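>>> compute the structure for the input listed below.
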Amino acid sequence: MKPIKISAFGTVKDGKEAKLYTLTNDAGMSAEFTDYGASLVRLFVPDREGRRRDVVLGYENAAGYEA
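The predicted structure follows:
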């Protein structure tokens, strides 16, 4: 398991900054969660040929989840 990466995920209507937390393992999987509603934003998994694919239909920023 690699360290958790924290990055900006946009600002919501009340002016608060949402964060994006990325967890990555050694098998090539990664999951991205936002602290705005604890939503799973992206889940990258390797396909049978080893290419990483996002299997979650998430929004690009916090405003999408707010709407």
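>>> distance from the chain centre to the helix or strand of the chain with the lowest mean pLDDT, please.
The least trusted helix or strand in the chain, going by mean pLDDT, DSSP states H and E, turns out to be helix 62-66, with a mean of 88. On the basis of CA atoms, centre = their mean, to the nearest Å, helix 62-66 sits 13 Å off its chain's mean C-alpha point.
>>> buried ones in it, by neighbour count?
For helix 62-66, the neighbour count (16 or more other CB atoms under 10 Å) marks 62, 65 as buried. Bear in mind the C-beta positions are built from the backbone N, C-alpha and C, glycine included.
>>> so what touches that helix?
Residues external to helix 62-66 that are found in contact with it (CB atoms under 8 Å, 6 or more residues apart in numbering): 9-13, 18, 34, 36-37, 39, 58-59.
>>> which phi and psi does the residue of the chain positioned farthest from its centre have?
Centroid-distance maximum for the chain: Glu49 at 22.9 Å, with CA atoms, centre = their mean. With angles defined as degrees, to the nearest 10, Glu49 sits at phi -100, psi 0.
>>> the one 5 residues further on now?
According to degrees, to the nearest 10, the main-chain angles of Asp54 amount to phi -80, psi 120.
>>> now do it against Thr11, distance only.
23 Å (CB to CB, to the nearest Å).
>>> which stretches of this structure have low pLDDT?
Applying pLDDT under 70 to the chain flags residues 1.
>>> nearest residue to the middle of it?
Geometric middle of the chain (CA atoms, centre = their mean) lands on Glu32, at 2.3 Å.
>>> circling back to that earlier point, just the closest of the contacts of helix 62-66 to Val45, please.
Checking the contacts of helix 62-66 against Val45 with CB to CB, the nearest one is Gly58 at 14.1 Å.
>>> give me the neighbour count for the closest one.
16 (other CB atoms under 10 Å).
>>> much appreciated, bye for now.
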